[in-house]
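# Here's a sequence, model it:
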Amino acid sequence: MPIKIPDLLPAIKVLNQENIFVMSDSRAMSQDIRPLELAILNLMPNKIETEIQLMRLLANTPLQVNIDLLRIDMHVSKNTPSSHMNTFYHLFDDVKNKKNYDGLIVTGAPLGLIDYHQVKYWDKMCEIMDWAKKHVQSTVYLCWAAHAALYHQYGLQRGIREKKLSGIYKHKTLDLLEPLTQGFDDYFYMPHSRYAEVPLDAMLAHPELNVLATCEEGGAFLLASKDRRSVFITGHAEYNADTLAEEYWRDSKKGLNPALPENYFPQDDPEQTPINLWRSHGNLLYCNWLNHYVYQATPFDLAKLSDA
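Now for the predicted structure:
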């Protein structure tokens, strides 16, 4: 089964070209099943690119998934057309009292150097994180959102690295029997692109958290709450092969003199085409989340969802 997304969303054309099965609203009307209800709170500047990256991973499953795209407020995006936002995005305030969700994904945001309480929508983020505990079976927090949720939910403080963690890194799977990492190799590769880091020792010591995968250079990559209602991913399993390259050239053009992403460009030559070393584990991670943390745990009647 595919994910179901609005008829005219740009992701449909891109994913169809990649032979990824997606279903438009009009076709889904003929399906007589209970699909999973997922929401994506998209905090990234280039929202269309992030939509495609996440939907590519969510479509690689036998489950049918309905997708709602959420926004925090009516802020005008500099990188995404207003027509796109007005057509395809729902305000969180418009759905919070109307819908429960089987799953929620909260993306990262370019806020790694800003104090949480200085983020203009921090109060709303806290409201969303508290709301998700009662109205969502399982929530995935990505990169900045992962650190924000660890701080808000468990009081874990982040530190700012002297050098940005940017590149492709080797990770160790800590629990091969955990459903979220079922089928993972002992070691795998994933991209990171962040300044902040929560100390690994603090996460390992917390009684309500399971640390599931780490890397030497960046600490924890994947962890989950013991009740599996929250998942924290500090890297970017959703990235395309060229995403780090685009970030590098963007910052170069701004005169920021960025360091080359580590273990990324062949022979450290930014003129060469990077190779994707994480695609299979990225797909497996999201399939495992949808299957084990969402589908097998969520109630058939979402009205019965609670934080029990």
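
# Might you list the low-confidence residue ranges for the stretch 101-250 of the chain?
Applying pLDDT under 70 to the stretch 101-250 of the chain flags no residue at all.

# now the helices: where do they sit in it?
Counting by DSSP state H, counting those that start in this stretch, the segments of the stretch 101-250 of the chain that form helices are 122-135, 144-154, 200-205, 243-253.

# among these, which is nearest residue 235?
Between residue 235 and the helices of the stretch 101-250 of the chain, the shortest separation by Cβ to Cβ is 9.2 Å, and it involves helix 144-154. C-beta: built from backbone N, CA, C; applies to glycine.

# Which elements pack onto that closest one?
The elements that helix 144-154 packs onto, with contact taken as 3 or more Cβ pairs under 8 Å, 6 or more residues apart in numbering; DSSP states H and E, are helix 122-135, strand 136-142, strand 187-197, strand 230-233.

# Enumerate every residue touching residue 151.
Residue 151 makes contacts with 116, 157-158, as judged by Cβ atoms under 8 Å, 6 or more residues apart in numbering.

# Export those residues as JSON lines, with columns for neighbour count and distance to residue 133.
Formatted as JSON lines, the entries for the contacts of residue 151 read as follows, by neighbours: other Cβ atoms under 10 Å; distance: Cβ to Cβ, whole Å:
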{"residue": "116", "neighbour count": "16", "distance to residue 133": "18"}
{"residue": "157", "neighbour count": "11", "distance to residue 133": "21"}
{"residue": "158", "neighbour count": "21", "distance to residue 133": "21"}
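
# Quick check: which of the helices of the stretch 101-250 of the chain is buried the most?
Mean neighbour count (mean count of other Cβ atoms under 10 Å) peaks for helix 144-154 among the helices of the stretch 101-250 of the chain, with a mean of 22.

# Which among the helices and strands packed on helix 144-154 is found nearest to residue 212?
Comparing the helices and strands packed on helix 144-154 by their distance to residue 212 (Cβ to Cβ), the top pick is strand 230-233, with 9.1 Å.

# so who does the nearest residue to residue 237 once chain neighbours are set aside touch?
In space, not counting the residues next to it along the chain, residue 237 is nearest to residue 282; the distance is 3.6 Å by Cβ to Cβ, 6 or more residues apart in numbering. Listed by Cβ under 8 Å, 6+ apart, the contact partners of residue 282 are 57, 190, 237-238.

# got it, and residue 229?
By Cβ under 8 Å, 6+ apart, residue 229 lies in contact with 133, 136-139, 307.
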